[in-house]
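Q: here's my sequence, what's the structure:
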Amino acid sequence: MTATPADRGRFADTDVDVLIVGAGISGIGAACQLRARRPGTSFAVLEGRASLGGTWDLFRYPGIRSDSDMSTFGYGFQPWTRRRAIAEGHSILDYLRRTAHEHGVERHIRYGHRVVGAEFSSAEGRWTVTAQVSDPREPGPQGAVESRAVTLTARFLFLGTGYYDYDSGFTPDFPGATEFEGRVVHPQHWPEDLDHTGKRVVVIGSGATAVTLVPSMAPEAEHVSMLQRSPSYVFSMPSRDRLAAGLRRLVGERLGHRLIRRRNIIFTRGIYKACRRTPGFMRKLLIAHVRRRLPHGFDVDTHFSPAYDPWDQRLCVVPDGDLFEALSSGRASVVTDRIARFTRHGLLLESGRELPADLVVTATGLNMVPFGGIRLSVDGRQVRPRDTTAFRAMMLDGVPNLVFALGYTNLSWTLKVDLVCEHFCRLLDHMDAHGHDIVQPVLTDTAMERVPLMNLSAGYVRRAIGAFPRAGTRGPWTVEMAYEKDVRRLRGGPVADDALRFSSAPAAVPAPRAEGRR
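A: Predicted structure coming up:
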């Protein structure tokens, strides 16, 4: 799916109404909604990788799956029709590909286009975007992949880049790591040739990736140890939703999808609210749930009793209790300790115990980067994301004609993406109806307290959140991670706001009519 010479001829147009960055779940969602709600809007999707899917194309480690139910993780406009409610990565990737194909989005995606910079001109009312274009099918003289810079212009920039750094995951600097005679891998860069059959595997970490890897690797490995510095909350739920399957048979796919989606939103929001309002009670409930799934005498207090309150970090979902089954079978174990250093044959722990290993998987977290590391500027002024404040959790103060999509941390990512894309289309409708070329949020309340964009205490958030835009504490500047409030604000609320400045660009010219534009 790499951009070919034929593609480059077909993509001769370099000016569009909307330029979408990223062909992951956010970018594909934006493109589909533009096609459905504004069929006359020209757009292009720039994707730095050779295929669509974003996270679901990048991560290839064993057992990769969603940690949200697919009725809410899938798009509202595209029902999830498979039986599994907690889906494997390849099924999610197939779903994204099918969605892009069915909605006519594929031909608008330009692969191998890595956006590095974007500058907005108030005089012209347009973004000029610079991308590095590479084609692995056309290597240079020494076999290296060559790249060239291209520029495109657009009225609006939509950033569907998520918040992961796709180039590297986070691995602490472990003492003695170079002495280890086995293999060390990070889940973000899983080698295709890696065979863990018959090996002693140590998975470092206790988050969603670790609890996925352990039961997935245990059947073939000699033994898998999950080595954690501190425990996480782990919650088991069925991988198949029998009620959903019955409803779909009874009322059809689309109505069944809407009903189950609404039920799951209410249930998940209810769990989250209960955790925040009565953390002590919910802590006891979650730990008791784990205790029931493990053999009598298992040291749940040490290995599954976190020091923080529920939902200070995301809950780890395990379908059908597969992690607990692996631990109960003896094929896997959990060790709660700290690493002193690597040795030739494993890991020396601070307790003095040595944990033998042939393969060490560092499921130690991700690196976060705002907006894919793209350099943004307005009229020659550099935009530093950390100096901006998010408006309606989808725009930035002082940055015209820019929309971004960051999903929920306490609910399915896609629920927020759907709302942002809907509101974006409404915003474009409003501007066209009133003859506006430019819209810019303006923060005039300089006394308002600014807070982090995300309130999770997870290490990957704490390490990087300072580089991200801030949130406000009142009005349209809040970022509350509350679906029901965003529905009122983004779907039902007015587009116009006292904090929005609409204007016309003196030198604005209409975008050329692109292929497929009506």
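Q: any idea how far apart the tips of stretch 439-448 sit?
A: 22 Å (CA to CA, to the nearest Å).
Q: run the chain-centre distance for it.
A: 28 Å (CA atoms, centre = their mean, to the nearest Å).
Q: repeat for stretch 171-183
A: 29 Å.
Q: what residues does that stretch touch?
A: 184, 186, 194, 339-346, 348, 357-360, 362, 364 (CB atoms under 8 Å, 6 or more residues apart in numbering). Placement of C-beta: from N, CA and C, glycine included.
Q: list the ones among those that fall in strands.
A: Residues of the contacts of stretch 171-183 located in strands (DSSP state E): Val184, Ile339, Ala340, Arg341, Phe342, Gly346, Leu348, Leu359, Val360, Thr362.
Q: isn't Val403 up against Phe156?
A: Yes - with contacts counted by CB atoms under 8 Å, Val403 reaches Phe156, the gap being 6.8 Å.
Q: quick one: least confident helix or strand in this structure?
A: Ranked by mean pLDDT, DSSP states H and E, the weakest helix or strand in the chain is helix 5-10, scoring a mean of 39.
Q: CA atoms only for the helix or strand just after that one, dumped as PDB, please.
A: From helix 5-10 onward toward the C-terminus, using DSSP states H and E, the following helix or strand is strand 15-21. C-alpha atoms of strand 15-21 as PDB (Å, rounded to 0.1, in the frame of the first residue of the first chain):
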ATOM      1  CA  ASP A  15      -4.200  22.200  -2.700                       C
ATOM      2  CA  VAL A  16      -7.300  20.900  -0.900                       C
ATOM      3  CA  ASP A  17      -9.900  22.100   1.600                       C
ATOM      4  CA  VAL A  18      -8.800  19.800   4.400                       C
ATOM      5  CA  LEU A  19      -5.500  18.100   4.900                       C
ATOM      6  CA  ILE A  20      -5.700  15.200   7.300                       C
ATOM      7  CA  VAL A  21      -2.500  14.000   8.900                       C
END
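Q: by contact count, what packs against the helix ranked longest in the chain?
A: As assigned by DSSP state H, the longest helix anywhere in the chain is helix 253-277. For helix 253-277, the elements it packs on are helix 70-73, helix 242-251, helix 279-293, helix 483-486, judged by 3 or more CB pairs under 8 Å, 6 or more residues apart in numbering; DSSP states H and E.
Q: select, out of these, the one closest to Asn264.
A: Among the helices and strands packed on helix 253-277, helix 70-73 comes nearest to Asn264, with 5.1 Å by CB to CB.
Q: contacts for the closest one?
A: Taking CB under 8 Å, 6+ apart as the rule, helix 70-73 contacts 66, 80, 82, 84-87, 92, 95, 241, 244, 257, 260-261, 264-265, 268, 411-415.
Q: then it to CSV, C-alphas only?
A: The C-alpha trace of helix 70-73 is given here as CSV (Å, rounded to 0.1, in the frame of the first residue of the first chain):
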residue,chain,number,x,y,z
MET,A,70,-15.6,-3.0,19.9
SER,A,71,-19.2,-1.7,20.0
THR,A,72,-17.8,1.6,21.3
PHE,A,73,-14.2,1.4,19.9
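Q: tell me which residues touch the residue most central in space within the chain, please.
A: Most central in the chain under CA atoms, centre = their mean is Gly162, positioned 5.0 Å from the mean C-alpha point. Contacts for Gly162 were tallied using CB under 8 Å, 6+ apart; they are Gly22, Gly24, Ser26, Gly54, Thr55, Gly372, Leu406, Gly407.
Q: now, the most widely separated pair of those?
A: Gly372 and Gly407 (15.1 Å).
Q: those two: which is more packed in?
A: For Gly372 versus Gly407, neighbours defined as other CB atoms under 10 Å are more numerous around Gly407 (22 against 19).
Q: burial of Val129, as a residue count?
A: For Val129, using other CB under 10 Å, the count is 24.
Q: what segments of the stretch 301-450 of the chain are helices?
A: 322-329, 413-434 (DSSP state H, counting those that start in this stretch).
Q: SS state for the residue nearest to the centre of the chain?
A: coil (DSSP: H, G, I helix; E, B strand; the rest coil).
Q: and it, backbone torsions?
A: phi 70, psi -160 (degrees, to the nearest 10).
Q: how close does it sit to Asp15?
A: 26 Å (CB to CB, to the nearest Å).
Q: same question, Gly297
A: 68 Å.
Q: more neighbours, the two?
A: Each of Gly297 and Asp15 has its neighbours counted (other CB under 10 Å); Asp15 has more, 18 against 6.
Q: partners of the more buried one in the sheet?
A: Thr153 (DSSP bridges).
Q: tell me the predicted confidence for it.
A: We note a pLDDT of 95 for Asp15 in this prediction.
Q: pretty sure it contacts Thr151?
A: No - counting by CB under 8 Å, Asp15 stays clear of Thr151, with 10.0 Å between them.
Q: in a markdown table: the helices and strands packed on helix 253-277, plus mean neighbour count.
A: Below are those laid out as a markdown table (neighbours: other CB atoms under 10 Å):
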| stretch | mean neighbour count |
| --- | --- |
| helix 70-73 | 25 |
| helix 242-251 | 14 |
| helix 279-293 | 15 |
| helix 483-486 | 17 |
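Q: what would those helices look like in a markdown table with distance to Met217?
A: What follows is these, written out as a markdown table (distance: least, CB to CB, whole Å):
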| stretch | distance to Met217 |
| --- | --- |
| helix 70-73 | 24 |
| helix 242-251 | 29 |
| helix 279-293 | 19 |
| helix 483-486 | 35 |
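Q: quick one: closest of those to His423.
A: Of all the helices and strands packed on helix 253-277, helix 483-486 comes closest under CB to CB, at 9.0 Å.
Q: just checking: what are the partner strands of the helix or strand that that closest one is followed by?
A: Moving toward the C-terminus from helix 483-486, the next helix or strand (DSSP H and E) is strand 500-503. Strand 500-503 pairs in its sheet with strand 438-441 (antiparallel), by DSSP bridges.
Q: after the strand it pairs with, next one along is what?
A: Taking DSSP H and E, what comes next after strand 438-441 is strand 451-452.
Q: residues making contact with that following strand?
A: Against strand 451-452 from outside (CB under 8 Å, 6+ apart): Ile465, Gly466, Phe468, Arg470, Ala471, Gly472, Thr473.
Q: what strand or helix carries the last one?
A: Think Thr473. Using DSSP H and E, no helix or strand contains Thr473.
Q: quick check: it touching Glu449?
A: Yes - with contacts counted by CB under 8 Å, Thr473 reaches Glu449, the gap being 4.7 Å.
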